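Chemist: Need coordinates for the below:
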Amino acid sequence: MSAARFGLYVHFPYCLSKCPYCDFASTAARVVPEARYTAALLAELAARAEGLGRRQLQSVFIGGGTPSLWSPALVGRLLEEVGRRFEVPPGTEITLEANPGAADAERFAGYRAAGVNRLSMGVQSFEPSTLAALGRGHDGPQAVRAYQAARAAGFENVSMDFIYGVHGQTLEQVRRDARRAASLGAEHLSAYALTLDAESLAEEVPLARQLSRGEVRLPDDELVVAMQRAVAEAYGAAGLLRYEVSNYARPGFHSRHNTLYWTGGEYLALGAGATGFLRSLSPQRRGEGRGEGPAFRWSNHRSAERYLAEVEAGRLPDATREPLAAGELFAERVAMGLRLTSGVALEAVCNDFGQPTAARAQTVAQLERAGLLTSVAGQVRLTEQGFDVHSAISARLI
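Modeler: You can find the predicted model right below:
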C-alpha cells in the first residue's frame, strides 16, 4: 500500500440534528448558509494555498457534519477552485461523506457529476434498536436504498461506516449488521467501537453524560472484542480484508486519504473545526517524505459562526497553531502506523526522527515473544491479540 503524501480535508459542519454520541465539530441548522460557507471556504483556500506551490493532491475528503446537505453545484465550485490551486490527476480519490436519508440520496448523481468519485455513507447500523440508541434519523431499508442510489448514480467506490459496542446492542445484532453490510458489495467498510471517554472528547456529548450518571451502560470489554471479531469474520468471508484497526476493503480500495493520516503525510484543512498538518520544507526537499520537520499543526475554530466571522474579516480562522518537535512526530508516526495491518518500519522511523533503537529492539523482542506483534526485516506488525491492546503497545514503543 503506497502512502498518499499530500491531501486536502474540507469540513462541512452543518447537520439537521446532532447525534447524541457525536464529538465532531457540527451544528444543527434548519437553514444551512451554504453559499456563505462556500465563499468562506474559497477565501480560506486562497489564503492557505499561498506559498505552497502547485502541489499534487492524492486525495480530497469532504467530511462533516453532513456534507450531503451541501448542494452539488457548490461542491463542484469548490472542487473547481481546488483544481486551479493544485494538481489533481485523473483518478485522485475524492470522497464525500453522506447520510443515508432519502433527500441526501437524491443528490448523489449531482456529486458524481461535480467530481466526487467515492461516497462514505454513515449507516452505523441496520437494526432499529441500535439506530434509536444512536439517535439516527434513518432506518435500515433507507440505508439499503441509499446504497442502491449511489450505484445508480455511477459510484464505483462506496464505503459504509458502522458502530458496535452500543448500549443495549447484542453480539447477534452486530453479526447481522456485518453480514448484511458485506452482502451489499461495498468496496470499503469501517466498523468503530463506540467510545465515550469524557477525557478524550473535544466537547461534552449527551451520551457521555448519560454514561457518567449511570443511565446507560456500554457492553463490557470482552463482549466488545467478540463484536469486533464477528465483524472481521463476516467481512473477511465476503472478501474484505482488514488493513487498519477499524477498516476493511477489497484489494485496491483502501482509503487513500485516511492512509495519509496513518503514514505521516501532509494535509491541508479547510472549514470550521478542521485540523491540518504541514512540514515547512524547502521546495527542493518537499516530497522526500522524511520526518525531521520543521512541522506544525493547526485547528480552526469549531464554531461555524466564529469561523465565518474570522474568514470574512480577512483573518485565518486558527483556534490553535503549534510547532511539532521530532519527538512528537515520532510518537504519532509509530502509534498511527501500528494501526495498519502492514505495520511500521520502526528502525527506519527511529532513524528519521533521531530516536534510539537499541532499547526499542529489546521491547519489540519481548512483545514478539508474548505474541503481540511480529517483526520481519524491521517491519513491526501487531497480531490480532496486539490490536486489542494497541494503545498499550504503542506507549511501550514510544
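Chemist: alpha carbons only for contacts and neighbour counts from here, please
Modeler: Noted.
Chemist: in the stretch 1-150 of the chain, which spans are helices?
Modeler: For the stretch 1-150 of the chain, applying DSSP state H, counting those that start in this stretch gives helices covering 34-49, 72-85, 102-105, 108-114, 128-133, 140-152.
Chemist: got it, and the stretch 151-300 of the chain?
Modeler: For the stretch 151-300 of the chain, helices defined by DSSP H, counting those that start in this stretch occupy the ranges 171-184, 206-212, 221-237, 256-262.
Chemist: Please produce JSON lines containing those helices, extended by mean neighbour count.
Modeler: Output for the helices of the stretch 151-300 of the chain, formatted as JSON lines (neighbours: other CA atoms under 10 Å):
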{"stretch": "helix 171-184", "mean neighbour count": "19"}
{"stretch": "helix 206-212", "mean neighbour count": "16"}
{"stretch": "helix 221-237", "mean neighbour count": "18"}
{"stretch": "helix 256-262", "mean neighbour count": "22"}
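Chemist: so where is the stretch 51-200 of the chain shaky, pLDDT-wise?
Modeler: 197-200 (pLDDT under 70).
Chemist: sorry, that was for the stretch 201-350 of the chain
Modeler: Judged against pLDDT under 70, the low-scoring parts of the stretch 201-350 of the chain cover residues 201-204, 280-293.
Chemist: Show me where it has its strands.
Modeler: If you assign secondary structure with DSSP state E, counting those that start in this stretch, the strands in the stretch 201-350 of the chain sit at 241-244, 247-249, 266-270, 275-279, 295-300, 318-324, 344-345.
Chemist: Rebuild those as CSV, extending it with mean neighbour count.
Modeler: Converted to CSV, these look like this (neighbours: other CA under 10 Å):
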stretch, mean neighbour count
strand 241-244, 21
strand 247-249, 23
strand 266-270, 24
strand 275-279, 21
strand 295-300, 19
strand 318-324, 15
strand 344-345, 21
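Chemist: Would you reformat these as CSV and include distance to residue 116?
Modeler: Formatted as CSV, the strands of the stretch 201-350 of the chain follow (distance: least, CA to CA, whole Å):
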stretch, distance to residue 116
strand 241-244, 24
strand 247-249, 19
strand 266-270, 17
strand 275-279, 21
strand 295-300, 24
strand 318-324, 27
strand 344-345, 31
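Chemist: To residue 136, which of these lies closest?
Modeler: For the strands of the stretch 201-350 of the chain, the distance to residue 136 is smallest for strand 247-249, at 21.5 Å, taking CA to CA.
Chemist: Pull up the pairing partners for the closest one, direction included.
Modeler: According to DSSP bridges, the neighbouring strands of strand 247-249, each with its direction, are strand 188-193 (antiparallel), strand 241-244 (antiparallel).
Chemist: ok, how many other residues are close to residue 328?
Modeler: 12 (other CA atoms under 10 Å).
Chemist: quick one: residue 155 and residue 361, what's the gap?
Modeler: 45 Å (CA to CA, to the nearest Å).
Chemist: which one of those two has more residues nearby?
Modeler: Per other CA under 10 Å, whichever of residue 155 and residue 361 has more neighbours is residue 155, with 19 against 16.
Chemist: Could you verify my assumption that that one touches residue 120?
Modeler: No: the pair residue 155 / residue 120 is not scored as a contact, 10.7 Å apart, by CA atoms under 8 Å.
Chemist: what about the strands of the stretch 201-350 of the chain, which gets the closest to residue 44?
Modeler: Distances from residue 44 to each of these were compared using CA to CA; the minimum, 6.7 Å, belongs to strand 266-270.
Chemist: That closest one packs against which elements?
Modeler: Using 3 or more CA pairs under 8 Å, 6 or more residues apart in numbering; DSSP states H and E as the contact test, the elements touching strand 266-270 are strand 6-12, helix 34-49, strand 275-279.
Chemist: contacting residues around it?
Modeler: The contact list for strand 266-270 (CA atoms under 8 Å, 6 or more residues apart in numbering) reads 5-11, 41, 44-45, 48, 260, 275-279, 300.
Chemist: swap the cut-off to 7 Å and go again
Modeler: Residues from elsewhere that reach strand 266-270 (CA atoms under 7 Å, 6 or more residues apart in numbering): 5-11, 41, 44-45, 275-278.
Chemist: Select from these the one having the most neighbours.
Modeler: The most crowded member of these, judged by other CA under 10 Å, is residue 7 (27 neighbours).
Chemist: Okay, that one and residue 370: tell me how far apart.
Modeler: From residue 7 across to residue 370, the span is 38 Å (CA to CA).
Chemist: one step back: using JSON lines, lay out the helices of the stretch 151-300 of the chain together with distance to residue 341.
Modeler: Rendered in JSON lines, the data for the helices of the stretch 151-300 of the chain read as follows (distance: least, CA to CA, whole Å):
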{"stretch": "helix 171-184", "distance to residue 341": "20"}
{"stretch": "helix 206-212", "distance to residue 341": "31"}
{"stretch": "helix 221-237", "distance to residue 341": "13"}
{"stretch": "helix 256-262", "distance to residue 341": "11"}
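Chemist: just so I know, which of those lies nearest residue 194?
Modeler: Taking CA to CA as the criterion, residue 194 comes closest to helix 221-237 out of the helices of the stretch 151-300 of the chain, the separation being 9.3 Å.
Chemist: who does that closest one touch, helix- and strand-wise?
Modeler: For helix 221-237, the contact count by 3 or more CA pairs under 7 Å, 6 or more residues apart in numbering; DSSP states H and E identifies helix 171-184 as packing neighbours.
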